[in-house]
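Asker: A structural model of the following input is requested.
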Amino acid sequence: MVDLEFESGVARIFLNRPQKVNALDSVSLKALLEAVEQIGADETARVVVLAGRGKAFCGGADVKELAQLNEITARAFIEQIHDVCAALRRLPLPVVARLHGAVIGAGLEIAAACDLRVAALGTRFSMPEVRLGIPSVVEAGLLPRLIGSGRAAWLVLTGDSIDAARAYEWGLIEEIGTGKDLVKHLLAGEPEALKMQKQLLQLWEEAPLAASIRTSIELFQRAYASGIPGRRMR
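Answerer: Below is the predicted model of the structure:
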């Protein structure tokens, strides 16, 4: 369901259900959450890359399981998707989503919860939930912050797909390619500074400007307490 590999400071998570286009059911969501939590407990990891085996990154939530949900079980299922997204955002490490093929529904929500997104040419993105009689929810709420309210509305109201070129133009992804150089650039950063920067990035999304500035001053001061900035600058 999910593969986890560690190499030279990079933790790689692979969705591994290629026969189902890496569609997410309760079992695979549980395995994905456990993999993220395992990375959080590993002190050797400095960068996380989330990708998918086979022809696509993720075909969204498993439609077979979606069709069997009721008013009670629907909440538990969607909360599993949120739990994965929240765990990715809580990780004190930069998380890169490496996307290809199809990035649909819950797969796009999980990608949105990552810090950076890189997609192969030919990748297609969509949020087709309204065509299945349900709204796009949980971390779909990050889309207006990433691409603006109008473009987010276009995705979730029409259910139509966009290609990698348009996703890059809209700001949904940061790069078209493999992301190898991006990972190298992240590894070049000071680990503690990267942790602080990720904390601030999320604060900037949600907190008032004055609160963000106060926290940034505190973290700037804390960085110097380690002695690392001086050593690096020298």
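Asker: how about the strands in this protein?
Answerer: Assigned by DSSP state E, the chain shows strands spanning 2-7, 10-15, 47-52, 95-99, 102-104, 116-119, 124-126, 161-163, 175-176.
Asker: give the other helices and strands that the shortest one contacts.
Answerer: If you count contacts as 3 or more C-beta pairs under 8 Å, 6 or more residues apart in numbering; DSSP states H and E, strand 175-176 packs onto strand 116-119, helix 164-170. No exception for glycine: its C-beta is placed from N, CA and C like everyone else's.
Asker: how about a cut-off of 10 Å?
Answerer: strand 95-99, strand 116-119, helix 164-170 (3 or more C-beta pairs under 10 Å, 6 or more residues apart in numbering; DSSP states H and E).
Asker: the fourth one too?
Answerer: Strand 95-99 sits against strand 10-15, strand 47-52, helix 73-90, helix 106-113, strand 116-119, strand 175-176, helix 180-187, with contacts defined as 3+ C-beta pairs under 10 Å, 6+ apart.
Asker: how close does the spatially most central residue of the chain sit to V130?
Answerer: By C-alpha atoms, centre = their mean, the chain has its centre lying nearest to C114, at 2.3 Å. The gap separating C114 from V130 is 24 Å, by C-beta to C-beta, to the nearest Å.
Asker: now G141
Answerer: 15 Å.
Asker: sorry, back to before: could you export the helices and strands packed on strand 175-176 as JSON lines, including mean neighbour count and distance to E7?
Answerer: What follows is these, written out as JSON lines (neighbours: other C-beta atoms under 10 Å; distance: least, C-beta to C-beta, whole Å):
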{"stretch": "strand 95-99", "mean neighbour count": "27", "distance to E7": "14"}
{"stretch": "strand 116-119", "mean neighbour count": "25", "distance to E7": "18"}
{"stretch": "helix 164-170", "mean neighbour count": "18", "distance to E7": "26"}
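Asker: let me have those in CSV, extended by mean pLDDT.
Answerer: As requested, the helices and strands packed on strand 175-176 are exported to CSV (pLDDT from 0 to 100):
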stretch, mean pLDDT
strand 95-99, 98
strand 116-119, 98
helix 164-170, 98
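Asker: so which of the ones you listed gets nearest E206?
Answerer: strand 95-99 (17.7 Å; C-beta to C-beta).
Asker: what lines up beside that closest one in the sheet?
Answerer: strand 47-52 (parallel), strand 116-119 (parallel) (DSSP bridges).
Asker: give me the residues contacting the last one.
Answerer: The contact list for strand 116-119, computed with C-beta atoms under 10 Å, 6 or more residues apart in numbering, reads 47, 49-51, 57, 94-101, 103, 108, 111, 123, 125, 146, 163-165, 167-168, 171-183, 186.
Asker: ChimeraX command for the buried members of those residues?
Answerer: To isolate the buried ones among the contacts of strand 116-119 in ChimeraX, judged by 16 or more other C-beta atoms under 10 Å, type:
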select :47,49,50,51,57,94,95,96,97,98,99,100,101,103,108,111,123,125,146,164,167,168,172,173,174,175,176,179,182,183,186
